[in-house]
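Colleague: Turn this into a model:
(one chain, ligands or ions: 1)
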Amino acid sequence: MKQLTIIGGLGFLGSHMAMRFLHEGYGVTIIDRMDTNYEEDQVNIEMSMGRHAHYTFIRENIRDVSVNKSCSNFIYTADNKNQEDLHSFLTQLQKDDFLLFISTTDIFANPMTEYGLEMKAVEEIVREKALEEEWTLVTMRLPTVYGVHHKLDLDINVSGEVVSYHQIRNRTESMLDLIYIEDVTEAVVKAMTVKQGVIEFHIGSGLKQPWGNRNSLKAQEGLTNDKAQELIGFSPKFSLKEGIAHYQEQQKVWSRQNLL
Ligand SMILES: O=c1ccn([C@@H]2O[C@H](COP(=O)(O)OP(=O)(O)O[C@H]3O[C@H](CO)[C@H](O)[C@H](O)[C@H]3O)[C@@H](O)[C@H]2O)c(=O)[nH]1
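Modeller: Predicted coordinates for the structure are as follows:
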């Protein structure tokens with residue numbers, strides 16, 4: 001059985017990826033410190049994944065992580081870009097291991113933001129290490145992602161249209177586009193088929209229209225999925241409308257299961 005370790009796997013993105021890979025037949029290990037800000041959600045996520053026989057959870061800080069040498073596939077989606085912490089994880093990867101590093105389209109911001117700069121520097125550190133140690137690296141840059149457990153404050157009108165989201169005070173590049181989590185997990189599954197080399201690309205909704213009416217954002221037209229399509233055969237399946245409808249359904253299921 002293929003094994004996968006997800007660092008930060010109890011977070012929004014990581015937990016969706018973990019579920020998807022359990023369904024794909026992987027043995028999944030999550031390493032997460034359990035962020036106290038989201039503890040309630042994380043306990044629920046942890047418990048729902050605990051039903052799977054091939055799931056393991058390790059509560060650990062990144063700097064103390066000791067990776068299982070028999071696992072060669074890793075995803076890093078922890079919200080920790082501290083270079084020392086990252087380093088203590090990266091130095092444990094070996095030749096021919098696979099790492100998917102989740103980054104953000106904020107690295108394309110113009111003018112560049114502090115976060116964009118930080119992430120660019122982190123991407124570079126990961127890249128250099130991959131080249132030096134000869135592991136396979138896929139850096140995937142994401143815009144804003146929505147789905148169950150997201151931390152956004154989405155406003156959706158009766159016809160299921162996004163009219164605004166409130167987190168928008170300091171708008172950055174990644175907020176110019178919205179992609180549904182199931183499209184992200186699909187891209188991640190495809191990215192796992194990369195066998196060698198060091199590649200990077202972004203994915204997006206492919207949306208060309210404004211999101212909604214009042215207070216809406218215009219979708220970013222500059223960032224196409226061309227490179228993702230060429231490298232891993234990815235193109236999004238969910239339009240914004242379909243994604244929102246699916247998200248609302250999933251939210252109901254999740255609430256029922258967790259008696260929220
Ligand atoms: O030192 C740390 C820091 C964080 N975490 C865990 O990492 C997870 C991060 O999950 P979030 O839901 O906060 O983050 P997202 O999945 O939404 O976001 C991720 O994807 C983004 C790109 O869209 C950014 O790259 C971001 O930094 C990255 O965490 C949490 O469970 C948190 O407990 C750790 O285990 N150790």
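Colleague: Now whatever residue of the chain ends up closest to the ligand: closest residue in space that isn't a chain neighbour?
Modeller: Residue of the chain nearest the ligand, by C-beta to the nearest ligand atom: G11 (1.8 Å). Any C-beta I mention is one placed from the backbone N, CA and C, and that applies to glycine too. Leaving aside its sequence neighbours, G11 sits nearest to T77 (C-beta to C-beta, 6 or more residues apart in numbering; 6.1 Å).
Colleague: The one you found: neighbour count?
Modeller: When neighbours are defined as other C-beta atoms under 10 Å, T77 has 25 of them.
Colleague: who touches it in this structure?
Modeller: I6, I7, G8, G9, G11, L13, G14, M17, I102 (C-beta atoms under 8 Å, 6 or more residues apart in numbering).
Colleague: which element is the residue at minimal distance from the centre of the chain on?
Modeller: The centre of the chain sits closest to L13, judged by C-alpha atoms, centre = their mean, with a distance of 4.0 Å. Using DSSP states H and E, L13 sits in helix 12-23.
Colleague: what's the following helix or strand after that helix?
Modeller: strand 27-32.
Colleague: what angle do that following strand and helix 12-23 make?
Modeller: 160 degrees (axes from the mean of the first three to the mean of the last three C-alpha atoms, to 10 degrees).
Colleague: what lines up beside strand 27-32 in the sheet?
Modeller: When pairs are called by DSSP bridges, strand 27-32 turns out to pair with strand 3-7 (parallel), strand 55-59 (parallel).
Colleague: got JSON lines for those strands, with mean pLDDT and distance to K190 too?
Modeller: As requested, these are exported to JSON lines (pLDDT from 0 to 100; distance: least, C-beta to C-beta, whole Å):
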{"stretch": "strand 3-7", "mean pLDDT": "97", "distance to K190": "14"}
{"stretch": "strand 55-59", "mean pLDDT": "93", "distance to K190": "22"}
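Colleague: a markdown table please, covering those strands and showing distance to the ligand and mean neighbour count.
Modeller: Below are the strands paired with strand 27-32 laid out as a markdown table (distance: least, C-beta to the nearest ligand atom, whole Å; neighbours: other C-beta atoms under 10 Å):
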| stretch | distance to the ligand | mean neighbour count |
| --- | --- | --- |
| strand 3-7 | 7 | 24 |
| strand 55-59 | 9 | 16 |
